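Chemist: Show me how the following folds:
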Amino acid sequence: MLKKVLIFIMFNILLVFGTELNFKVEQKCVSLHEFSKKQIDVLLYAYLYGKEHGFGYTMAAIAWQESCSGEYLLNFQDPSAGIYHALVPGVIKKYTKYKDSNFLRNIIGQMLISNPEFASSIALDELKYWQRVRKGNFKSIIKSYNKGFSWEKNHRANRIATNYYHDIDRKIKALQTFIPKKLKHYDYKTPSLELDYSIKKEAKFNPYKKDSKTPTYYLLKEK
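Modeler: Okay, here's the model as predicted:
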């Protein structure tokens, strides 16, 4: 009898909440010309950050490709975070002296999400590293940004990296028309991710000073 009652209750719950329970979450990115003001802010920030280093359109394209220009800032599977979806374990290994841990991943992940400057410095540093390693070959730089060295010896990794390069290349071409128009007439600010400073006009704004080194971030031990 109790079993029948429970079945009856569950059946009615499904009838009432069926529409809410039967859903599918999909990560979609709207077309460039449908971007919100926030998404355009992210694109322009990424472009201006990398511009003086020859990676303006590249960084904007990566932000578009990886996070839909700030719409999806976290991927638990990788795990990666931020505008450019930097791999959190990789950031820990390269930029800290600490052992990888869930606690440290949470800290770095939050920094990548909430601080576009930190996320951008990591992305630019990675691009400049591969620029040196690949001797300026743009296709190899982008493939390596996505898959490191693995695409050289692994067929599947090479296919994924090649597709990634083509995606970035297409986005760069679209942005080369889109961004100059926006810079002339668009009243934009830094991405609203807990930051309190505004982007100035391109002639005055320099988010990454020429010849300056990539900022180094340190996590201090507790006393």
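
Chemist: And for N115, the neighbour number?
Modeler: N115 is flanked by 18 other residues according to other C-beta atoms under 10 Å. Placement of C-beta: from N, CA and C, glycine included.

Chemist: same check, this time on G50
Modeler: Around G50 there are 24 residues (other C-beta under 10 Å).

Chemist: Enumerate every residue touching it.
Modeler: 56-60, 120, 123-124, 127, 208 (C-beta atoms under 8 Å, 6 or more residues apart in numbering).

Chemist: List the buried residues for the top helix by length along the chain?
Modeler: The helix spanning the most residues in the chain, taking DSSP state H as the definition, is helix 155-185. Neighbour-count burial for helix 155-185 flags 157, 160-162, 164-165, 167-168, 171-172, 174-175, 178-179, 182 (criterion: 16 or more other C-beta atoms under 10 Å).

Chemist: so where's the protein uncertain?
Modeler: For the chain, the stretches flagged by pLDDT under 70 are 1-27, 186-223.

Chemist: redo that, cut-off 90
Modeler: Counting by pLDDT under 90, the chain contains low-confidence ranges at 1-28, 75-78, 96-98, 183-223.

Chemist: Show me the residue at the heart of it, geometrically.
Modeler: For the chain, Y84 is the residue whose C-alpha lies nearest the centre (C-alpha atoms, centre = their mean; 1.9 Å).

Chemist: Pick the one among the buried residues of helix 155-185 closest to E71.
Modeler: The closest of the buried residues of helix 155-185 to E71 turns out to be K171 (C-beta to C-beta; 14.7 Å).

Chemist: Touching, the closest one and E66? I think so.
Modeler: No - assessed by C-beta atoms under 8 Å, K171 is found out of contact with E66, at 10.7 Å.
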